[in-house]
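Student: Build me a structure from this.
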Amino acid sequence: MAEADPTRVAELRRELGCHPITAQLLVNRGITSPGQAKVFLSPSLSGLRLPSGMRDIDSAADRLCRAVLRRETILVFGDYDADGVTAAALLSGFLSDCGANVRVYLPHRLREGYGIKADQIRRLTRKGGIRLIVTVDCGSASHEALQEAVAAGVEVIVTDHHQVSGALPPAEAVVNPCRPDCASDLEHLAGVGVCFYVVIALRRKLRDAGFWSTRTEPNLRDYCDLVALGTVADMVPLRDENRILVSAGLSVINRAPRPGIAALLASAGVEARHVDASSLAYGIAPRINAAGRMAHAVAAFRLLTAKDEVAAGRLAGLLERLNRRRRQIEAQMMAEANEMIHRRPELGGRRAIVLSRPDWPEGVLGIVASRLVRQLNRPVAMISIRNGKGKGSARSVIGIDLHRALLDTKDCLERFGGHAMAAGMTVSAEQIAAFEDRFEAAVRHQADSDSFDRSLRIDAEMPLSEITDPLMAEIERIGPFGEGNPEPLLMARAVEIVSSSPAGADHLRMTLRQAGNRSGPALEAIRFGAGSLPPESPVRKMAFRLRWNRWRGRRKLQMVVVAAEDDLRIFLAKQTR
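Tutor: Residues are numbered from 1 along each chain as shown. Here you go, the predicted model:
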């Protein structure tokens, strides 16, 4: 149970005129003064820190400004995940709106792998014409490729957010808030967020050069839909700038979504005008990522940059088919991974799990690793072996920095990269056993007593009688929810189950009421992954979240039950929402 300072809670409640639960939720998130709360509850793009604090960003904007003014051909080189694809769409879209000559290149995940490489530089510059390359969501460790670019007379600007170890590559500018000499305090940005900051700086440089005197200056808010999608998809903390950018992007999407995002919303069954961060994370992002995982990310890029509904609908249909195929493969890999774990009981005592198998589809490794992390509450690395070489993806739990752990195992790896929660690596097949032992030791070195704690963190306790529509409206303003700003988890005691019925294959719909208060309100509730049998009534303790249940233009308050005291262990293993 979170312990909020009652004096702070009382002050916020008095100054904001809000429900005491809302005040407690704010204090739990470090919002302890009325001034902080007012800013937090009304996020605005004006609250973004200035881009000038980011190392090399002025150099990057200067070089891009010259390229635009001189009509040079600019190549945007992106990554194949949702963060990289949205960043490529953002930068190329802004440059196109400036009338620049811009091309985009996204590598094939299986054939080319992550990051920019020397052979790509040679191939892309062979015909000449390209004088400037801008990387998005990659490039900080691409020394060989950038040396090749220097030899070819091509300048490179790196925009990235992955951890930097060792020297920086030879570039005109390396805009990465995670580089050791950058004091911007913006290391929480996703790759698309870093790219957005570069666009802010570039627009200002063009303004100083008088560029906008003969054309309409773009409103950068219009690009925030892409920033929101990439930020949520990359699971970076939704705090500070990220929360501001995602809030602005959701506003754009709910007001007038671009054709590609509108088509994705329809494909995912997300109700228009009520899109939230969860809609992006579970509805849109998996379909964007499916392109790069199962085929080529260029399909997702074309969808996000589509100008008409017909083209967008066709591409959204393709991504939907790829996503269904991805789900089938994911289910098969999960079954195989669980069978491997079952056959190795010694893994039960491990703090980190490493699983390897020949010819696992590389594009789905990260998703399965994420599911295993939720299931096992341990960092997990999944490795696919082909031709004596393993390519893997790893995911972590809060408190265990994957990048640090991989640094400790670098002698076993051919290459690696990523950040605290997600990373990738290449390892020779004969080194996988050694990597497993070293990875285990590295995670144990970081772990403290709470790293693998399965307990739930409850924000506040409240009786069901206090749950109202106005309270839900206040809680909504604390969002968008995600990494770093979790959806509030509440608890009620003595909850009576008035009725229950199955909903779908594995869910349970219920009507709940405070025990002993038969005249009190009855509330709709649902338990995902609950099976058909409810716990005995009344339930002594019940943990739940509050959400709007929207259907055909109507909304109704609904409790989403996460756990009951008598089945806490079961529900911790089944939290899929």
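Student: what sits against the closest residue to residue 178 other than its chain neighbours?
Tutor: The shortest distance from residue 178 to any non-neighbouring residue, by C-beta to C-beta, 6 or more residues apart in numbering, is to residue 187 (4.8 Å). Placement of C-beta: from N, CA and C, glycine included. Contacts of residue 187 were listed using C-beta atoms under 8 Å, 6 or more residues apart in numbering, and they are 161, 177-178.
Student: Rebuild those residues as CSV, extending it with secondary structure.
Tutor: Formatted as CSV, the contacts of residue 187 follow (DSSP: H, G, I helix; E, B strand; the rest coil):
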residue, secondary structure
161, coil
177, coil
178, coil
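Student: doesn't residue 235 make contact with residue 484?
Tutor: No - if you go by C-beta atoms under 8 Å, residue 484 and residue 235 don't touch, sitting 9.4 Å apart.
Student: Looking at these two, which is more packed in?
Tutor: residue 235 (19 against 16; other C-beta atoms under 10 Å).
Student: Test for you: state the pLDDT assigned to the more buried one.
Tutor: pLDDT recorded at residue 235 is 89.
Student: give me the element it is part of.
Tutor: Following DSSP states H and E, there is no helix or strand that holds residue 235.
Student: Once you drop chain neighbours, what's closest to it?
Tutor: Per C-beta to C-beta, 6+ apart, closest to residue 235 is residue 483, 5.0 Å.
Student: just the strands in the stretch 151-300 of the chain please.
Tutor: In the stretch 151-300 of the chain, the strands defined using DSSP state E, counting those that start in this stretch lie at 155-159, 173-175.
Student: Would you map the helices across the stretch 251-400 of the chain?
Tutor: 259-268, 277-279, 285-294, 298-304, 309-343, 365-376 (DSSP state H, counting those that start in this stretch).
Student: Adding distance to residue 437 as columns, could you present those helices in JSON lines?
Tutor: As requested, the helices of the stretch 251-400 of the chain are arranged in JSON lines below (distance: least, C-beta to C-beta, whole Å):
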{"stretch": "helix 259-268", "distance to residue 437": "42"}
{"stretch": "helix 277-279", "distance to residue 437": "38"}
{"stretch": "helix 285-294", "distance to residue 437": "30"}
{"stretch": "helix 298-304", "distance to residue 437": "38"}
{"stretch": "helix 309-343", "distance to residue 437": "17"}
{"stretch": "helix 365-376", "distance to residue 437": "18"}
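Student: how about a markdown table for these, with mean pLDDT and mean neighbour count added?
Tutor: Shown next, in a markdown table, are the helices of the stretch 251-400 of the chain (pLDDT from 0 to 100; neighbours: other C-beta atoms under 10 Å):
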| stretch | mean pLDDT | mean neighbour count |
| --- | --- | --- |
| helix 259-268 | 97 | 22 |
| helix 277-279 | 96 | 21 |
| helix 285-294 | 97 | 25 |
| helix 298-304 | 98 | 24 |
| helix 309-343 | 97 | 16 |
| helix 365-376 | 94 | 21 |
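Student: Tell me which of these approaches residue 465 most closely.
Tutor: Closest to residue 465 of those, according to C-beta to C-beta: helix 277-279, at 26.9 Å.
Student: any residues touching the closest one, and which ones?
Tutor: For helix 277-279, using C-beta under 8 Å, 6+ apart, the contacting residues are 228, 232, 238, 246, 250, 265, 268, 270, 479-482, 487.
Student: Which parts of the stretch 401-550 of the chain are helices?
Tutor: So, for the stretch 401-550 of the chain - with DSSP H, counting those that start in this stretch - the helices run 402-408, 432-446, 469-476.
Student: could you say what helices and strands the shortest one packs with?
Tutor: Yep, that's helix 402-408 we're talking about. strand 389-395, strand 415-418, strand 422-428, helix 432-446 (3 or more C-beta pairs under 8 Å, 6 or more residues apart in numbering; DSSP states H and E).
Student: now with 6 Å?
Tutor: helix 432-446 (3 or more C-beta pairs under 6 Å, 6 or more residues apart in numbering; DSSP states H and E).
Student: So what's the model's average confidence on the helix it packs on?
Tutor: 96.
Student: now it against strand 389-395, angle please.
Tutor: On the basis of axes from the mean of the first three to the mean of the last three C-alpha atoms, to 10 degrees, helix 432-446 is oriented at 20 degrees to strand 389-395.
Student: Right, I'll leave it there.
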